[in-house]
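> Kindly return the folded structure for what I paste below:
(4 chains)
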Number of protein chains: 2
Amino acid sequence: MGSKRGAVGPPGSCAHMEHFLETCLLVLVEEAPGHGYSLMDRLADFGFPPDSFNIGTLYRTLRRLEKAGLVTSDWEEGGQGPRRRVYTITDQGRESLSLWIEVIKGNRRRIDRLLARYSALHGKEGLEG
Amino acid sequence: MGSKRGAVGPPGSCAHMEHFLETCLLVLVEEAPGHGYSLMDRLADFGFPPDSFNIGTLYRTLRRLEKAGLVTSDWEEGGQGPRRRVYTITDQGRESLSLWIEVIKGNRRRIDRLLARYSALHGKEGLEG
DNA sequence: CTGCACTATATGCCCACCGCATATATGCTA
DNA sequence: TAGCATATATGCGGTGGGCATATAGTGCAG
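Residues are numbered from 1 along each chain as shown, chains lettered A, B, ... in the order given. All right, here's what the predicted structure looks like:
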């Protein structure tokens, strides 16, 4: 690891599941463009508890994705509230997304093996947990 | 999140899969006590590429776990090489482990949903990846 | 016995990134 | 005009990882 990583984040930690939030956001934005506040809600679809992480983190993550060229943003015109920055995925974003999806599949394999080992130790059949 | 986290790491990020390496190490050490260098090899069982992460990270992580009281360490006597610090899990370690396992099960659910959504977008049936 | 490779542990430096708190701005309502 | 909900953004402090480097014991080649 540490090579093909898809633009965001120079060094790359393998110990942590890197780019998970980024990947979720790219999938959501690919499904339909949206602004930060609404993406926050749509993340609930993935099983994130409502206040699971900080809204500030989300905005900073989106800005980082934009800086890396994986999404673009435009100010939504004519809304009747505060202005909204609407994010759209780019081709480069789709490329990084497909890379990160592969990484995450590998992570899932590791998780499965870990849970299997733990179950083997503790005699639980909790793999469906 | 941010409440029940099991001793290591005060604030707690939910966006990233926290404590994954720690959890792997606790499972390995619970299976059988071992020293850092050997745990490095045994991590390969979980699908970590051999040089997947830095050995320094592993040692620091083990020291952190010990500082938090989740493992203890003893210098192995009488070996014929450099001295080895052998780690053993504690009761508190087993407690944290069971908490983290639950967190990881939640992470796996999120990963499954993410991969499903991605597959739905791209018409792949790649959930077995 | 000197130098080198292998095993093994440890740490300093830098930086990514997260949570918390806070700041700012807009529009609606009382 | 004050308060509230929506919406975006940032400074601060801290965790933790990657990389490079230091240290140390052991065996072996020359």
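> what sits against A:Gly78?
Residues near A:Gly78 by CB atoms under 8 Å, 6 or more residues apart in numbering or on different chains: none. Every residue, glycine included, has its C-beta placed from N, CA and C.
> Quickly find the element holding it.
Using DSSP states H and E, A:Gly78 sits within no helix or strand.
> Buried residues in the longest helix seen in chain A, which are they?
The single longest helix within chain A, with elements called by DSSP state H, is helix A:91-122. Of all the residues in helix A:91-122, those buried under the rule 16 or more other CB atoms under 10 Å in any protein chain shown are A:93, A:96-97, A:100-101, A:103-108, A:110-111, A:113-115, A:117-118.
> A:Arg42 is in contact with A:Pro50, correct?
No: A:Pro50 lies out of contact with A:Arg42 (CB atoms under 8 Å); the separation is 11.7 Å.
> Which one of the two is surrounded by more residues?
A:Arg42 (17 against 8; other CB atoms under 10 Å in any protein chain shown).
> now the more buried one: how far from DNA strand D?
12 Å (CB to the nearest atom of the strand, to the nearest Å).
> That residue: what secondary structure?
helix (DSSP: H, G, I helix; E, B strand; the rest coil).
> doesn't A:Gly81 fall inside a helix?
No: under three-state DSSP, A:Gly81 sits outside any helix and is assigned coil.
> Got phi/psi on it?
Main-chain dihedrals, A:Gly81, degrees, to the nearest 10: phi -160, psi -160.
> Next: the one 3 residues further on.
When read as degrees, to the nearest 10, the backbone of A:Arg84 gives phi -120, psi 140.
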